[in-house]
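Chemist: Predicted structure and sequence below. I'll ask about it afterward.
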Amino acid sequence: VHARPGRAPPGGQPPFIAGEMDEEASSPSVPPLPHDVLVHVLSAAGPGAWSPASEVCVSWCAAARACWTTITHIVVESPGGSDGDSVRAHVSTHGDSTDPVVTAEAFLVLRSGTNTEGDVDVADLERLLDLTPHVRALCLSGVRLGGALACERGPELELHPSDALLALVVHIARRCTRLRALALRQCSGSALVPPPPLDDGSSAPAEQLNSAGADDEADVTASDLTLATVSETLWELQLCHMDGLSRAGARWLLRRCPALRALDVSWSDTDLGCLDALPPSIESLDCAGCFALGEPEVRPLIASAAHAGLVHLSLPTGMPLAVALDACRALPRLRVLTCVGAYSDRGAPVLDIAHAELRTLNLSALLLNHACRLEMRCPKIVSLDVHQDPFVFEGLAAIVLFDAQHLEALDVRWNARAALLAGCALPGLHTLLLEGCTSFSAAALYAIVQRAPCLAQLEMGECDGLRAEPALFALAFAHALRASPGLRYTLPSGVQGVGLEVPPSSLDASFP
């Protein structure tokens, strides 16, 4: 298509805009591309080209919308904090983390020109969800949400007027009928401000709802029963590092997500007195950092036969160590157990952990007021973390590995009194962190390196006990170097080189 000769495009527009075509001088028109070919071309161009393409013509707009419908994973994050221009959106059709990062402005749907209340306006987010009806995973990370939800006040708001977060979760779950994973991390803004009470004053006070007990839904209104479920497809829900749900709101939501498999409310103030409302389908529960949760709320969950299928369990910080031991005994399918800052005031000299399926165990920052030895009988254990807070706790007196052939990573840092004994071969051990284990001997190190031929990382800083037998330490260290020439290591002070031509650390710039 040619422009009229000698005539400049008005307003700087391209010469082929409507009204500027010279039908007599134009060349024969090119047939439009078939719809499927155009969709294929635009899909290869990426999301940044879809919004501009939708403004070309009707057929291109239809192709661009077809491209948006292929999106199944959306991540909106604000790595720059309060700077709205730093909002980034990752979209993909398969959740690949290698997808290119596109600025929010390139989508023309995430950010309006008049938005001053947050990084992303709720109305813009809703337009994005309208374009992606097949989205299965949605994550908002560090985003300030501005505006207000454009939805009618439903029964969940009538029963729980103080839970703006509950209203947002329910609204997204209703809008995205195929959603399987929803994550809200460190989100804030006016969209999460509690809505005003009803004019007729029928809303119950927030204090009354939040203080309700286990039977807080015994006398619900008939309107509450009109919404049987919030989502039949939601598998994973993550509400972490932000203000959480009230007890009543959390119970209301959990009882209406029958397919929920994973719940993450770590480092939030969610009232976890709602654990009795978890559906039987739950497999993963992460409530690390929820200091408000106590032992009475956790023990019934562990003892419940309905939740015997738990696979991943992260207990709140500062729980009694006995709760973690009970979890090992009561949950036969457990594979990941985290209990940071657990305390024990019992005088039992042996801490025996035996589990046939456990893969990962994190008992870091233990609070022990007595000498205690940890004995591990977990044949499938892959990662064991019992490191202590440096210069604060002395930690375990001994760590004995009776059955740990699949162990790959062992972290015992700052257990000042610990003696590490391996009663089995460790063919897969590649990471051994011993920093701060002042009582660790050269003989114990020699025994470990003989049983672990595949060591790739060995940290021995502040291990003063290794200096007592320099010859034996040199023999053990040479054995480790011969087995793994590319070993990454740090040596304790006072034994640099130990007669070997090596620097004190493999991280040194002069290391070949």
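Modeler: Great, that's in hand.
Chemist: which helices and strands does the lengthiest helix in the chain pack with?
Modeler: Secondary structure of the chain per DSSP state H: the longest helix is helix 470-483. If contacts are counted by 3 or more Cβ pairs under 8 Å, 6 or more residues apart in numbering; DSSP states H and E, helix 470-483 sits against helix 442-451. Any C-beta I mention is one placed from the backbone N, CA and C, and that applies to glycine too.
Chemist: repeat that for 10 Å
Modeler: helix 442-451, strand 457-459, strand 488-490 (3 or more Cβ pairs under 10 Å, 6 or more residues apart in numbering; DSSP states H and E).
Chemist: Quick one: closest of those to Leu182.
Modeler: Each of the helices and strands packed on helix 470-483 has some distance to Leu182 by Cβ to Cβ; the shortest is strand 457-459, at 36.6 Å.
Chemist: Put the alpha carbons of the longest helix of the chain into PDB.
Modeler: Output in PDB follows, covering the C-alpha atoms of helix 470-483 (Å, rounded to 0.1, in the frame of the first residue of the first chain):
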ATOM      1  CA  PRO A 470      47.800 -31.900  62.700                       C
ATOM      2  CA  ALA A 471      49.400 -35.000  61.100                       C
ATOM      3  CA  LEU A 472      46.100 -36.900  61.200                       C
ATOM      4  CA  PHE A 473      44.200 -33.900  59.900                       C
ATOM      5  CA  ALA A 474      46.700 -33.600  57.000                       C
ATOM      6  CA  LEU A 475      46.100 -37.200  56.200                       C
ATOM      7  CA  ALA A 476      42.300 -36.900  56.200                       C
ATOM      8  CA  PHE A 477      42.400 -33.700  54.200                       C
ATOM      9  CA  ALA A 478      44.800 -35.200  51.600                       C
ATOM     10  CA  HIS A 479      42.400 -38.200  51.300                       C
ATOM     11  CA  ALA A 480      39.500 -35.900  50.600                       C
ATOM     12  CA  LEU A 481      41.500 -34.000  48.000                       C
ATOM     13  CA  ARG A 482      42.500 -37.200  46.200                       C
ATOM     14  CA  ALA A 483      38.900 -38.400  46.100                       C
END
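Chemist: Could you tell me which residues within that helix count as buried?
Modeler: Phe473, Ala474, Ala476, Phe477, His479, Ala480, Leu481 (16 or more other Cβ atoms under 10 Å).
Chemist: can you tell me how far the fifth one sits from Ser43?
Modeler: Right, the one you point to is His479. Per Cβ to Cβ, to the nearest Å, His479 is found 55 Å from Ser43.
Chemist: Also the fourth one?
Modeler: Phe477 sits 55 Å away from Ser43, going by Cβ to Cβ.
Chemist: now the third one
Modeler: Here the distance between Ala476 and Ser43 works out to 57 Å (Cβ to Cβ).
Chemist: got any ranges where the protein has weak pLDDT?
Modeler: Applying pLDDT under 70 to the chain flags the ranges 1-30, 79-90, 93-119, 150-162, 195-228, 291-293, 347, 391-393, 495-512.
Chemist: just the strands in the stretch 201-350 of the chain please.
Modeler: Ranges of strands within the stretch 201-350 of the chain are 236-240, 262-264, 284-286, 312-314, 336-338, 343-344, 350-354, based on DSSP state E, counting those that start in this stretch.
Chemist: Neighbouring strands - and their directions - for the second one?
Modeler: In this case it means strand 262-264. Here strand 262-264 is paired, per DSSP bridges, with strand 236-240 (parallel), strand 284-286 (parallel).
Chemist: show me what contacts the closest residue to Cys378 other than its chain neighbours?
Modeler: Using Cβ to Cβ, 6 or more residues apart in numbering and skipping residues adjacent in sequence, the residue nearest Cys378 is Leu358, 4.7 Å away. For Leu358, the contacting residues are 328, 331, 333-337, 376-382, 384, by Cβ atoms under 10 Å, 6 or more residues apart in numbering.
Chemist: Using the three-state scheme, assign Leu358.
Modeler: Of the three states, Leu358 takes coil according to DSSP: H, G, I helix; E, B strand; the rest coil.
Chemist: thought Pro453 was touching Leu487?
Modeler: No - contact criterion Cβ atoms under 10 Å: Pro453 and Leu487 do not qualify, at 11.4 Å.
Chemist: Now do the same contact list for Pro427.
Modeler: For Pro427, the contact set (Cβ under 10 Å, 6+ apart) comprises Gln405, His406, Leu407, Glu408, Arg451, Ala452, Pro453, Cys454.
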